[in-house]
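>>> the following comprises the amino acid sequence and a computationally predicted model.
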Amino acid sequence: MNVVTQFPAAHDYERELRFRAMFEGAAIGIGICQLDGRMVEANAALSGMLGYSRQELTGTHAGDFFPETRPEIHSEIHADVDSELHREIGGEISREVFLDNVLLEQRLLGELMRGERGSFEIEKRYRRKDGSKLWGHLSVSLGRDARRQPAFLIAMLADATERKRVEEHLREAEKMEVIGRLAGGIAHDFNNLLTGILLYCDLLSAGLESGGWEQSELCQHVEEVRMAGEQGAALTQQLLAIARKQAAKPCPIPINAIVTSTKNLLQRLIGEQIELIVVLDSALDSELDSGAGLVLADPAQLRQILMNLVLNARDAMAQGGKIRLSTRAVESPREFPGKAEPGSARRAVSLVVIDNGCGMDAETRARLFEPFFTTKKPGEGTGLGLATVQRIVSEVGGMIEVESEPGCGTCVRVFLPAIEQSSTREASIQRTSTGHSPTRLFSNQASPLVALAYAGELARETGEKTILLVDDNAPARKSMQRVLLDAGYRILAASSAKQALKVFAEHSGAVDLLIADFMMPGLNGQAVAEKFLRQKTDLKVLLISGYQDAPDESVVGAVETIRKPFSGRALIERVSEVLHREVGRP
């Protein structure tokens, strides 16, 4: 049917050719429909968008391609709209919103037919011939005959799928930014509390041991409190890592120790209906001296890898099942990005998570690590978990392998490069500025009494030094003050930046080291350090933070950082390092 010739005013042949050329060559899809919705003609762009030939489109009803507009099938498609839309672009349409959209389109079409509006626009989802989804921006106008009566509908469709995807990603990014801000505030307050808890545990344990009570139940109770505090600190680190508010702090870490310390948390997260089986390669523990059991990574990020993989396995087993988590020392000619020559053998540590869940098809596996891609129902996942795992593994020079088939479960293997043997001695004694040791993240394996005694020896090596301690949180400040006093340092304490300025003015010549919390009301720790360094250029500075990155490099002098929470020994070791370091040298 020649559509153009149906227009009463289209008598001129050249004019008809121009309109035909416009219709055929338009970049957007154009369809001419009867008033009942039957398609009369479609251009090539509309055919390409929907995946049907122009002949297949002709004579069909609009509802055959746009099922969301047909009231008689609302009940059978609304669930599909929810799940499929979420899988396609990560969005969400509730049943109420879906029905509101249908009623809105019907109302707009009625107003158009009654002449109350010249056209209307709406965004809706369409189904292509291959079953895939298309978000389209639809513009509908009314064509009239010579008597100005409604004659046909003109529908113009622009593909809005990519724009909707970008908008959804932007919403997710904004949501993560809000979460990040919230996480930062929570972490600062929570880490202040944990710092006091962990330091007082050290002091209490040391006191009990010095009194001959090291075998008593009291010491065991204190140790339980310490372990609870360490678990709380680990949870805070995970929250900050998810929110990208915590810079990676790599240090030599025994992978078995990470798995062991996270096991109880993982079991609580997956629930009782899923059995968690942990199998650790003992060779990784026996080869710590050679570096085979150590990886250079951030402990919080390693825990995040474990959590994301195990939780992803849990979600694949709605009716319960088993998750097997294992470690193994491997040596194979795998190429770790940027870490070895092609084809060379590298010692590595493998972390394997196997579940007997629903498995995945090839299409899902291909998109597994795409940010925001998820197969979960709306509200049950952001699509960021595995993308985060891949990012962390890539940053440490590792790689991931995934094996899965529908109905056969999933096996995820993470390969992390082991520390080279030449670095073993350094790895065995290295500690980061966070106060974490390779074998235990918050306190040393030695008893608190021995640990603090050793730390006191370090303090005595630096001589009698005076420290100005500034922290607005009383428990954190008082616990640090007690630990440093017991180590032999002279302490000047201040609860605010204003008070610190006054104390420094009175004792500036005697202060060797400033320890200040980064986040304080009024002037923060960095601003206080800047003021003091202008007056005393050889002043050493140690800034404490729960989540902030390193201070501004423009700050002159020896400015170091330590991350809350930390053990008593870690604090004194860090103080000793800073006091021994010459100004201007790393």
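Structure's in. What do you need? Residues are numbered from 1 along each chain as shown.
>>> alpha carbons only for contacts and neighbour counts from here, please
Noted.
>>> could you pull out the strands for the stretch 451-586 of the chain?
With DSSP state E, counting those that start in this stretch, the ranges of strands along the stretch 451-586 of the chain come out as 466-470, 490-494, 513-517, 540-545, 558-563.
>>> out of these, which gets nearest to Ile197?
The minimum distance between Ile197 and the strands of the stretch 451-586 of the chain falls on strand 558-563, with 15.1 Å, by C-alpha to C-alpha.
>>> who does that closest one pair up with?
Its sheet considered, strand 558-563 pairs with strand 540-545 (parallel) by DSSP bridges.
>>> what's the angle between the partner strand and strand 466-470?
30 degrees (axes from the mean of the first three to the mean of the last three C-alpha atoms, to 10 degrees).
>>> lowest average confidence, helix or strand, in the protein?
Lowest mean confidence among the helices and strands of the chain (mean pLDDT, DSSP states H and E): helix 74-89, at a mean of 38.
>>> low-confidence stretches in the stretch 1-150 of the chain?
1-11, 63, 65-102 (pLDDT under 70).
>>> TSV for the strands of the stretch 451-586 of the chain, including mean neighbour count and distance to Arg226?
Below are the strands of the stretch 451-586 of the chain laid out as TSV (neighbours: other C-alpha atoms under 10 Å; distance: least, C-alpha to C-alpha, whole Å):
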stretch	mean neighbour count	distance to Arg226
strand 466-470	23	24
strand 490-494	19	25
strand 513-517	26	22
strand 540-545	24	20
strand 558-563	22	17
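>>> the ones you listed: which one's closest to Arg147?
Closest approach to Arg147 among the strands of the stretch 451-586 of the chain (C-alpha to C-alpha): strand 540-545, 77.6 Å.
>>> how far is that closest one from where the chain is centred?
Relative to the chain's own centre, strand 540-545 is displaced by 27 Å; criterion: C-alpha atoms, centre = their mean, to the nearest Å.
>>> could you do stretch 318-328 as well?
23 Å.
>>> I'd say Thr561 and Ile544 touch.
Yes: Thr561 lies in contact with Ile544 (C-alpha atoms under 8 Å); the separation is 5.8 Å.
>>> buried stuff in stretch 294-312?
Neighbour counts over stretch 294-312 (16 or more other C-alpha atoms under 10 Å) mark 294-312 as buried.
>>> dump that stretch to PDB, keeping only the CA atoms.
The C-alpha atoms that make up stretch 294-312 are tabulated as PDB, following Å, rounded to 0.1, in the frame of the first residue of the first chain:
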ATOM      1  CA  LEU A 294      52.200 -15.200  51.500                       C
ATOM      2  CA  VAL A 295      50.500 -12.800  49.000                       C
ATOM      3  CA  LEU A 296      51.100  -9.100  48.800                       C
ATOM      4  CA  ALA A 297      47.600  -7.600  49.200                       C
ATOM      5  CA  ASP A 298      45.300  -5.600  51.400                       C
ATOM      6  CA  PRO A 299      43.800  -7.900  54.100                       C
ATOM      7  CA  ALA A 300      40.500  -6.000  53.900                       C
ATOM      8  CA  GLN A 301      40.300  -6.600  50.100                       C
ATOM      9  CA  LEU A 302      41.200 -10.300  50.500                       C
ATOM     10  CA  ARG A 303      38.300 -10.600  52.900                       C
ATOM     11  CA  GLN A 304      36.100  -8.700  50.400                       C
ATOM     12  CA  ILE A 305      37.000 -11.300  47.700                       C
ATOM     13  CA  LEU A 306      36.000 -14.100  50.100                       C
ATOM     14  CA  MET A 307      32.700 -12.500  51.100                       C
ATOM     15  CA  ASN A 308      31.700 -11.600  47.500                       C
ATOM     16  CA  LEU A 309      32.500 -15.100  46.200                       C
ATOM     17  CA  VAL A 310      30.800 -17.000  49.000                       C
ATOM     18  CA  LEU A 311      27.700 -14.700  49.000                       C
ATOM     19  CA  ASN A 312      27.400 -15.100  45.300                       C
END
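>>> residues making contact with stretch 535-549?
184, 187-188, 191-192, 240, 245-247, 508, 511-519, 525-526, 529, 532-533, 557-565, 575, 578-579, 583 (C-alpha atoms under 8 Å, 6 or more residues apart in numbering).
>>> doesn't Phe23 belong to a helix?
Yes: judged by DSSP: H, G, I helix; E, B strand; the rest coil, Phe23 forms part of a helix.
>>> so it sits against Gly29, correct?
No: using C-alpha under 8 Å, Phe23 makes no contact with Gly29, being 9.0 Å away.
>>> overlap in contacts of these two?
Asn43.
>>> more neighbours, these two?
Gly29 (24 against 19; other C-alpha atoms under 10 Å).
>>> gap between that one and Ala44?
According to C-alpha to C-alpha, to the nearest Å, Gly29 and Ala44 sit 7 Å apart.
>>> for the strand or helix carrying Ala313, name the packing helices and strands.
Here Ala313, judged by DSSP states H and E, is contained in helix 299-315. Here helix 299-315 touches helix 217-242, helix 255-270, strand 321-332, strand 346-355, helix 385-395, going by 3 or more C-alpha pairs under 8 Å, 6 or more residues apart in numbering; DSSP states H and E.
>>> and those, which one is worst for confidence?
Ranked by mean pLDDT, the helices and strands packed on helix 299-315 bottom out at helix 217-242, which scores a mean of 74.
>>> residues in contact with the residue nearest to Leu492 when sequence neighbours are not counted?
Closest residue to Leu492 apart from its sequence neighbours, by C-alpha to C-alpha, 6 or more residues apart in numbering: Leu468 at 4.7 Å. Taking C-alpha under 8 Å, 6+ apart, we find Leu468 in contact with Ile491, Leu492, Ala493, Ala494, Ala500, Phe504, Val511, Asp512, Leu513, Leu514, Ile515.
>>> can you list these in CSV and add distance to Glu123 and pLDDT?
What follows is the contacts of Leu468, written out as CSV (distance: C-alpha to C-alpha, whole Å; pLDDT from 0 to 100):
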residue, distance to Glu123, pLDDT
Ile491, 67, 93
Leu492, 66, 94
Ala493, 63, 94
Ala494, 60, 94
Ala500, 60, 94
Phe504, 64, 93
Val511, 67, 92
Asp512, 66, 92
Leu513, 63, 93
Leu514, 60, 95
Ile515, 58, 95
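>>> what's the closest of the residues you listed to Asp472?
Ala494 (7.8 Å).
>>> show me what contacts the nearest residue to the closest one once chain neighbours are set aside?
If the residues on either side of it in the chain are set aside, Ala494 comes closest to Val470, at 4.8 Å by C-alpha to C-alpha, 6+ apart. Going by C-alpha under 8 Å, 6+ apart, Val470 touches Arg477, Ala493, Ala494, Ser495, Ser496, Ala497, Ala500, Leu514, Ile515, Ala516, Asp517.
>>> I'd like to know how far the closest residue to the second one other than its chain neighbours sits from Lys564.
Nearest residue to Ala493 in three dimensions, chain neighbours excluded: Leu469, at 4.8 Å (C-alpha to C-alpha, 6+ apart). Between Leu469 and Lys564 the distance is 15 Å, computed by C-alpha to C-alpha.
>>> and Val541, how far from Asp517?
Plainly put, Val541 is 11 Å away from Asp517 if you go by C-alpha to C-alpha.
>>> hang on, I meant Val225
Between Val225 and Asp517 the distance is 24 Å, computed by C-alpha to C-alpha.
>>> and Ile122, by the same measure?
According to C-alpha to C-alpha, Ile122 and Asp517 sit 54 Å apart.
>>> what's the answer for Gly136, then?
In terms of C-alpha to C-alpha, Gly136 sits 53 Å off from Asp517.
>>> swap in Arg147?
Where Asp517 is concerned, Arg147 sits at a distance of 81 Å (C-alpha to C-alpha).
>>> and if you look at His137?
53 Å.
>>> and Lys531, by the same measure?
15 Å.
>>> any idea how far the host helix or strand of Leu182 is from the chain center?
Following DSSP H and E, one finds Leu182 within helix 161-210. Here the centre of helix 161-210 is set off from its chain's centre by 12 Å, with C-alpha atoms, centre = their mean.
>>> for that helix, the averaged confidence score.
80.
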